[in-house]
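*Asks:* Here is a sequence with its predicted model. Questions after.
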Amino acid sequence: MKRLLFVAAALCAAGLVSASPSEEGAAEGPRELTIWEGLWYNAAVSVSNLAETPLYQEVMSRTGVDVTWIHPAQGQERESFNLMIASNDLPDMIYTNWSREYPGGPEKAISDGVIVRLNDLIAEHAPNLAALYAKNPDWEKAAKTDNGTHYMFPFIRGDDYLMVFFGPQLRADWLDQLGLEVPETLAEWEQVLTAFKSEGLVEYPLTFTNFRRGRGMNRSAFIQPFGTIWDFYRDDSGQVGYGPYDDEFGEFLTFFKGWFDKGLVDPESFSNERNTFDAKILNGVAGAWLSYTGSGIGAYLDANGGEGTFDIVAAPYPVLNEGDRPFFGQRDNPLPGAGMAITTQARSPATAARFADFAYGEEGHVLFNFGLEEESYQWSTSYPGFEGEDWPVYTDVMNADAEGRTLAQMGGLYTRAFYSGPIVQDRRYMYQYARRPQQRHAVQIWGQTDAAVHKLPAVTATPDEAEELAEMMSDINTYIDEMVVKFITGQEPLASFDAYQERLQQMGVERAIEIKQAGLDRYNAR
Amino acid sequence: MAERDSRVTTQLLTRPRFLGPGYLGMLRKDFARNRTIYLMAVPVVAFFLVFYYIPMFGLVISFKRFTPALGVFGSPWVGFKYFEDFFQSYFAVRIIRNTILLSVLSLIWGFPAPIILALLINEVRSTPFKRSVQSLTYLPHFISLVVVCGLLLEFSQSSGLFNDVRGWFGGEPISFFQDPRFFRSFYIGSDIWQEIGWGSIIYLAALSAIDPQLYEAATIDGAGRFRQLRHITLPSIAPTIVVLLILRMGNLMTVGHEKIILLYNPTIYETADVISTFVYRKGLLEFSWSYGTAVGLFNSVINLALVVMANWISRRVNETSLW
Amino acid sequence: MALHKRSAVSVVFDSCNTVFLAVLCITMLYPLYFVFVASVSEGNQLMAHTGPLALPLGFSGAAYKLVFNNPLVVRGFLNSIHLVVVGTAVNILLTSFAAYVLSRKNVYWKPVLMIMAVVTLLFERGLVPFYLTVRGLGLLNSHWAVILAFAISAYNMIIMRTYFTTIPDSLEESAKIDGANDFTVLFRIILPVAAPVVATMVLFYGVSRWNGYFYVMIFLRDRIKFPIALILREILIANSADTMMAGGDAGSMGDHENIADTIKFATTVVATVPILLLYPFLQKYFVKGAMIGSVKG
């Protein structure tokens, strides 16, 4: 038996010894790359590998690099990413959100020997990206870690217009029918919702999808009037706070429980999956909700548009008192954190860097945002509203697919602008994707908040802090998720909010805030 | 894939002959005689070694701080750190409690169900009806867990089938998968739905093995059906029941993660989160490989202890033993 | 149990029993029926509908058309067949080897093998170490990873062994006298006699091969290698989940959303029917095999 174990151990060892990282110096190396990346479901409708898309066929022929992707099963991206890291069996490049998905963040990923520092590679092989950074120092600041380490070819939202895409929406036709204005304060919101309910239009006027952790803005829209959010934030004096630990959060709970008890909120708000949620809106069993510009307003109007009795209007982020400016609203950072990194096992880091850099040049930029000229777009100087400007306008190949695929699904084939990628996203894509007046109006009014002040930039933690934080926040988030539901549904009396805060303190929430504060201080010092 | 299958079986309990003192000559003779048999055993042994024992060896990462780049061997030892972390965790007590409760309740409700079904089917006189009932009740077993859970979630929405039926009786709609109180019932209920027919096979087999003369004799003595049930049927299948029950006890701390992961959401963690799902989240979603492995190992050790205990009981009650 | 002796209580019991079992059968069948009916309904009507369905709402094959237009579904189907056929063949081969060895008398090391197998029932192999092992063998991204890693289930092995032990020794002895070796005995004599338990094993293994998605998901990297069960899982959950990659407002529903539900149901039908079809062919053997394998110790 002992010998068997020995053999087992030996076999095991053989499997685990990692391939030594290839030498950076190998000037050219193979002109082929493997990239790990989740496949966007709108692209998965048509292809099983991004390499098959017309976009990447073109990119490959222009760059002369042969690329294959490794795509995890949808809905299983995190597990797959985890196992890939655990097995230390890495492709040449990985596209993910390093600050969010890699516990410990990018610095840790580098010190763990997963990805490489890119500073030299960018200087040497990525002239386009380097030029962009020279022109936009803020982008470079956000792309680096505190130590000044570059680690990714980032996804960049190239314009303010692209950063706001989510907010409160209401049934415009119902408002008209009842002669009501679009609500601004919470009191007005309550009037509107109550009217929707009492007039018999809908049983539960306000609905949410997954009103819980990990769904970002979804839950903060009605919290922010109280001056806090369900996340870490930066207060007016520049100090980091954590919303669920604030007293204001208790005020929100009290208030929101009131709505819940009055039947103004869909009791399934805590578990609605996206498709259930969409169905509720389309079937008229919801009067107000939070959703996106494109896959929300645009998609709902597309689906129900013909009937003329279904219309949507965006409402501003609510406030407590008339004339206040919203404390917070959805506003993405220009660099949301996603980016393509080169791994320590890349066969030719130089080839990888040059391949990635292509997207940041003028030629690559248009290609990645609009696809192939004369196929998916045509240049025009007469795009409505922007006459005189040179616009790459999507053709009918995109807008009216013969097989009935949607614009977003075609966008998944010809561009990366429709989801994300190591590119600079172009506002001209968004104008064409969200072309309805309701959508443009939405982007405009949702942008009028103090989110830019209060949102924490993409701060990084040191590897040790990051591990501590990850362990703490995992328990803290689970606890908060449950308690919030219990408070709102009444399974837990609001009187025990103090006990809840105390418990959070025991779980180390103050240490977490401290770590975030340190991260912010370092960020400001960059 | 169903590795742990509770419709098992008496055979586990047959005692393999004890390994006697190995005389070299005897061994040589044994090898000579059974050469082809040992040849046959080679791929089998290789399978168990490679796909079970090597991965089990990897469980040492419970005691190490596993870092992929350093590998299993290079990672530094940390002793019982992760076990201590687990026991100090706010959720340890809860997930252990949930695991045991879910498992015990599954046993209480899920174990007798196929026995009752088998007894009821056994009482049916019309053979075609009997056959149809048997065949139809097996059906759900063939359906993928993904589909079963998908349907369950669909039906239990506030606008779903279950609430429509409740509505007929004047009940208010309830969002079942948002209220921790309902999770266990739905979990166990759907388990019974899926496996009751399948589970009844073994009992039907035992029932069909009962000598019909016993019933005839009882009928002549004037015993009614319920007395026959009590005095003939139940005693005849009792050994099967006892054996299966004991085996089930050994798995008392085991609740698989696949089904729960398909069903749960954080609002019902309070009742739905069990050891295996916790291990899954730690090990696969939060990159805490060592921590996750440690908790899994803890679970396995408990299982082993339970099996040893169950085996001890079975030796007393049944005079059979696993080893 | 002659009819004339039935008492009133007995009659009442029989009626109740019949009614109860009938209701039970409906409970078993209705969800399946619902899936089928929903899959051929008009998408819009289905989306607007709440409550039980008795008949299809309208009639439309659009969902099926879309399902079969999805290249991955057809691919997945072939992959599943590959996994089931090759996988089950490997299962049967290795399990019968194991069962044969364990059913022999006078094999000195037999108990060691038995203990080795039983331990695997009790100890979970840690997922990460398991993954590392499979990767170490170079099986990642290959169907062989799941085919080999699940080649023997110890439970099934024990059932098969028990069946083998019930086969009279005389059959085997006469063959041995004719000079047959153990492989010949197993393939020519034991397996044909043990057809019921083989059918049972085909069913046990086949079903789990067909429905298995978890480890396939873990071990496969190329989407074109995915079996139908995994595609089904993606379709059932994909649109509802925010993927970690999406950079924000990623998505659109348009025309497809209206029939998204019917697509789900149609895929479910497509992924479930083949395995249901297998059952009637094996049923008559299978009940017998399961019985003898499991009950008689």
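*Replies:* Structure's in. What do you need?
*Asks:* Tell me the secondary structure at the residue nearest the centre of chain C.
*Replies:* Closest residue to the average C-alpha location of chain C: residue C:207 at 1.3 Å, with Cα atoms, centre = their mean. Under DSSP: H, G, I helix; E, B strand; the rest coil, the three-state class of residue C:207 is helix.
*Asks:* List the contacts of stretch C:16-25.
*Replies:* B:117, B:120, B:121, B:123, B:124, B:129, B:132, B:133, B:136, B:137 (Cβ atoms under 8 Å, 6 or more residues apart in numbering or on different chains). Bear in mind the C-beta positions are built from the backbone N, C-alpha and C, glycine included.
*Asks:* Surely the first one is in contact with residue B:196?
*Replies:* Yes. With contact defined as Cβ atoms under 8 Å, residue B:117 counts as touching residue B:196 (5.4 Å).
*Asks:* What's the local residue count around residue C:193?
*Replies:* Using other Cβ atoms under 10 Å in any protein chain shown, the number of residues around residue C:193 comes to 17.
*Asks:* Excluding sequence neighbours, find me the nearest residue to it.
*Replies:* residue C:167 (5.5 Å; Cβ to Cβ, 6 or more residues apart in numbering or on different chains).
*Asks:* again, but for residue C:38
*Replies:* Excluding its sequence neighbours, the residue lying closest to residue C:38 (Cβ to Cβ, 6+ apart) is residue C:265, at 4.3 Å.
*Asks:* residue contacts, that neighbour?
*Replies:* Contacts of residue C:265 (Cβ under 8 Å, 6+ apart): C:35, C:36, C:38, C:39, C:63.
*Asks:* Of those residues - the most surrounded one?
*Replies:* residue C:63 (26 neighbours).
*Asks:* where does the chain dip in pLDDT?
*Replies:* Since you didn't name a chain, this refers to chain A. A:1-29, A:210-219, A:305-308 (pLDDT under 70).
*Asks:* oops, I was thinking of chain C
*Replies:* Short version for chain C, where the test is pLDDT under 70: C:1-6, C:44, C:47-48, C:50-51, C:237-260, C:286-297.
*Asks:* Report the closest residue of it relative to chain B.
*Replies:* residue C:129 (2.3 Å; Cβ to the nearest Cβ).
*Asks:* So that residue is in contact with residue B:296, correct?
*Replies:* No. Counting by Cβ under 8 Å, residue B:296 is not a contact partner of residue C:129; they are 10.1 Å apart.
*Asks:* Now for the two: what residues contact both?
*Replies:* residue B:59.
*Asks:* what's near enough to touch the residue nearest to residue A:144 when sequence neighbours are not counted?
*Replies:* The spatially closest residue to residue A:144, leaving aside those adjacent along the chain, is residue A:150, at 5.7 Å (Cβ to Cβ, 6+ apart). Residues near residue A:150 by Cβ under 8 Å, 6+ apart: A:117, A:118, A:119, A:122, A:143, A:144.
*Asks:* what about the first one, which helix or strand?
*Replies:* Using DSSP states H and E, residue A:117 sits in no helix or strand.
*Asks:* Touching, it and residue A:109? I think so.
*Replies:* No. Between residue A:117 and residue A:109 there is no contact under Cβ under 8 Å: 10.5 Å.
*Asks:* Between the two, tell me which one has more neighbours.
*Replies:* A count of neighbours by other Cβ under 10 Å puts residue A:109 above the other of residue A:117 and residue A:109, at 27 against 17.
*Asks:* Count the neighbours of the one residue in the stretch 401-526 of chain A that gets nearest to chain C for me.
*Replies:* Nearest residue of the stretch 401-526 of chain A to chain C, counting by Cβ to the nearest Cβ: residue A:420, 2.8 Å away. Counted with other Cβ under 10 Å, residues neighbouring residue A:420 total 23.
*Asks:* That one - that's part of a helix, no?
*Replies:* No. Residue A:420: not assigned to a helix; according to three-state DSSP it is coil.
*Asks:* and it, how far is that from chain B?
*Replies:* Distance of residue A:420 to chain B, given as Cβ to the nearest Cβ, to the nearest Å: 21 Å.
*Asks:* Quick check, that residue in contact with residue A:338.
*Replies:* Yes. Contact criterion Cβ under 8 Å: residue A:420 and residue A:338 qualify, at 5.4 Å.
*Asks:* Would you confirm that residue A:98 contacts residue A:108?
*Replies:* No. Taking contacts as Cβ under 8 Å, residue A:98 lies outside contact range of residue A:108: 9.2 Å.
*Asks:* In terms of packing, which of these two has more residues around it?
*Replies:* Using other Cβ under 10 Å as the criterion, residue A:98 and residue A:108 rank with residue A:98 on top: 28 against 23.
*Asks:* Quickly note the distance from the residue nearest in space to the middle of chain A to chain C.
*Replies:* With distances taken as Cα atoms, centre = their mean, residue A:336 lies nearest the centre of chain A, 6.7 Å away. To chain C, residue A:336 is 6 Å away according to Cβ to the nearest Cβ.
*Asks:* Look at that residue and give its secondary structure.
*Replies:* coil.
*Asks:* On the three-state scheme, residue A:297 is what?
*Replies:* Going by three-state DSSP: residue A:297 is helix.
*Asks:* and it, what does it touch?
*Replies:* So residue A:297 contacts A:169, A:291, A:312, A:314, A:434, A:436, A:438, A:439, A:442 (Cβ under 8 Å, 6+ apart).
*Asks:* Mind listing the shared neighbours of residue B:117 and residue B:196?
*Replies:* With Cβ under 8 Å, 6+ apart, residue B:117 and residue B:196 have common neighbours residue B:137.
*Asks:* number of nearby residues for the nearest residue to residue B:83 once chain neighbours are set aside?
*Replies:* Spatial nearest neighbour of residue B:83, chain neighbours left out: residue B:294 (5.4 Å); criterion: Cβ to Cβ, 6+ apart. Look at residue B:294: counted by other Cβ under 10 Å, it has 28 neighbours.
*Asks:* Contact partners for residue B:294?
*Replies:* B:62, B:63, B:82, B:83, B:86.
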